[in-house]
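Novice: sequence and predicted structure below; questions after.
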Amino acid sequence: MDRVAIIGCGAYMDSGYGCPGEWRCLKAAALGEGSFEKPSQVVSFVKCQCPGRPLAANVGMAMKLSEIKPDKIYLSTCLANAKPDCPYSNAEEMADILAKKTGIEVVMGTHDYH
(Lines give C-alpha, C1' and ligand atoms only; values in the text may rest on other atoms or scores of the structure.)
Protein backbone atom coordinates (compact mmCIF):
# COMPACT_ATOMS: atom_id res chain seq x y z
CA MET A 1 0.00 0.00 0.00
CA ASP A 2 1.38 3.38 -1.00
CA ARG A 3 1.68 6.06 1.63
CA VAL A 4 0.60 9.37 0.12
CA ALA A 5 0.40 13.06 0.89
CA ILE A 6 -2.41 15.11 -0.62
CA ILE A 7 -2.24 18.85 -1.25
CA GLY A 8 -5.64 20.55 -1.46
CA CYS A 9 -6.55 24.06 -2.61
CA GLY A 10 -7.47 25.96 0.54
CA ALA A 11 -9.48 28.55 -1.40
CA TYR A 12 -11.63 25.86 -3.03
CA MET A 13 -12.10 23.94 0.18
CA ASP A 14 -12.88 26.99 2.30
CA SER A 15 -14.99 28.90 -0.22
CA GLY A 16 -17.01 26.07 -1.71
CA TYR A 17 -15.94 26.44 -5.35
CA GLY A 18 -17.30 23.00 -6.17
CA CYS A 19 -15.12 21.20 -3.62
CA PRO A 20 -16.83 20.45 -0.32
CA GLY A 21 -13.53 19.53 1.29
CA GLU A 22 -11.14 16.64 1.38
CA TRP A 23 -13.63 13.74 1.57
CA ARG A 24 -13.49 13.06 -2.20
CA CYS A 25 -9.70 12.84 -2.15
CA LEU A 26 -9.74 10.60 0.91
CA LYS A 27 -12.37 8.32 -0.62
CA ALA A 28 -10.42 7.96 -3.88
CA ALA A 29 -7.23 7.15 -1.95
CA ALA A 30 -8.95 4.60 0.29
CA LEU A 31 -10.62 2.81 -2.63
CA GLY A 32 -7.77 3.12 -5.14
CA GLU A 33 -9.94 5.11 -7.54
CA GLY A 34 -9.24 8.10 -9.76
CA SER A 35 -5.51 8.80 -9.97
CA PHE A 36 -4.67 6.24 -7.28
CA GLU A 37 -3.43 2.97 -8.80
CA LYS A 38 -4.37 1.04 -5.67
CA PRO A 39 -5.80 1.71 -2.21
CA SER A 40 -3.44 4.11 -0.47
CA GLN A 41 -2.81 5.31 3.07
CA VAL A 42 -3.01 9.10 3.42
CA VAL A 43 -0.22 10.12 5.80
CA SER A 44 -0.72 13.86 5.43
CA PHE A 45 -3.21 16.31 3.98
CA VAL A 46 -1.94 19.86 3.49
CA LYS A 47 -4.05 22.81 2.40
CA CYS A 48 -2.31 25.20 0.04
CA GLN A 49 -3.01 28.70 1.29
CA CYS A 50 -2.84 31.76 -0.94
CA PRO A 51 -0.42 32.85 -2.25
CA GLY A 52 1.16 29.39 -1.96
CA ARG A 53 4.72 30.45 -1.20
CA PRO A 54 5.09 28.29 1.93
CA LEU A 55 3.70 25.14 0.26
CA ALA A 56 6.98 23.22 -0.02
CA ALA A 57 7.93 24.15 3.54
CA ASN A 58 4.49 23.10 4.82
CA VAL A 59 4.76 19.73 3.06
CA GLY A 60 8.22 19.27 4.57
CA MET A 61 6.88 20.12 8.02
CA ALA A 62 3.99 17.66 7.59
CA MET A 63 6.49 14.90 6.75
CA LYS A 64 8.68 15.84 9.69
CA LEU A 65 5.83 15.96 12.19
CA SER A 66 4.21 12.73 10.98
CA GLU A 67 7.62 11.04 10.79
CA ILE A 68 6.39 9.29 7.64
CA LYS A 69 7.78 10.04 4.19
CA PRO A 70 5.09 9.55 1.55
CA ASP A 71 5.74 7.44 -1.53
CA LYS A 72 3.87 9.98 -3.68
CA ILE A 73 2.43 13.47 -3.38
CA TYR A 74 -0.93 14.14 -5.03
CA LEU A 75 -2.15 17.58 -6.00
CA SER A 76 -5.88 17.39 -5.39
CA THR A 77 -8.26 17.59 -8.30
CA CYS A 78 -9.43 21.02 -7.10
CA LEU A 79 -5.83 22.25 -7.12
CA ALA A 80 -4.70 20.58 -10.34
CA ASN A 81 -7.81 21.65 -12.29
CA ALA A 82 -8.70 24.91 -10.54
CA LYS A 83 -11.38 27.02 -12.25
CA PRO A 84 -10.95 29.91 -11.87
CA ASP A 85 -7.22 29.37 -12.14
CA CYS A 86 -4.96 30.11 -9.22
CA PRO A 87 -3.87 33.75 -9.57
CA TYR A 88 -0.50 33.05 -7.92
CA SER A 89 0.86 29.89 -9.54
CA ASN A 90 -0.14 26.94 -11.65
CA ALA A 91 -0.27 23.29 -10.72
CA GLU A 92 2.63 22.32 -12.97
CA GLU A 93 4.91 24.86 -11.26
CA MET A 94 3.80 23.65 -7.83
CA ALA A 95 4.40 20.02 -8.81
CA ASP A 96 7.86 20.85 -10.14
CA ILE A 97 8.83 22.73 -6.97
CA LEU A 98 7.55 19.94 -4.72
CA ALA A 99 9.30 17.22 -6.71
CA LYS A 100 12.61 19.12 -6.66
CA LYS A 101 12.41 19.97 -2.95
CA THR A 102 11.25 16.56 -1.72
CA GLY A 103 12.53 14.10 -4.33
CA ILE A 104 9.05 12.53 -4.33
CA GLU A 105 6.90 11.88 -7.41
CA VAL A 106 4.02 14.35 -7.71
CA VAL A 107 0.74 13.21 -9.31
CA MET A 108 -1.73 15.69 -10.81
CA GLY A 109 -5.28 15.17 -9.55
CA THR A 110 -6.87 12.71 -7.17
CA HIS A 111 -10.36 11.75 -8.34
CA ASP A 112 -12.93 11.90 -11.14
CA TYR A 113 -15.98 12.37 -8.92
CA HIS A 114 -18.48 15.08 -9.83
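Specialist: Great, that's in hand.
Novice: I'd assumed Leu79 was in contact with Cys9.
Specialist: Yes. Between Cys9 and Leu79 there is a contact under C-beta atoms under 8 Å: 4.1 Å. Quick note: C-beta positions are derived from backbone N, CA and C, even for glycine.
Novice: what do these two both touch?
Specialist: 48, 86 (C-beta atoms under 8 Å, 6 or more residues apart in numbering).
Novice: neighbour count for these two, which is higher?
Specialist: Neighbours around Cys9 and Leu79, counted as other C-beta atoms under 10 Å, are more numerous at Leu79. The numbers are 31 against 25.
Novice: which residue ranges of this protein form strands?
Specialist: Under the criterion DSSP state E, strands of the chain are mapped to 2-9, 40-48, 72-75, 105-108.
Novice: what pairs with the last one, parallel or antiparallel?
Specialist: Spelled out, that is strand 105-108. Strand 105-108 has its sheet partners listed here by DSSP bridges as strand 72-75 (parallel).
Novice: what are the boundaries of the helices in this structure?
Specialist: 10-15, 23-31, 55-66, 77-80, 91-102 (DSSP state H).
Novice: would you mind getting the angle between the last one and helix 55-66?
Specialist: Just to be clear, that refers to helix 91-102. 50 degrees (axes from the mean of the first three to the mean of the last three C-alpha atoms, to 10 degrees).
Novice: which other helices and strands contact helix 91-102?
Specialist: Here helix 91-102 touches helix 55-66, strand 72-75, helix 77-80, strand 105-108, going by 3 or more C-beta pairs under 8 Å, 6 or more residues apart in numbering; DSSP states H and E.
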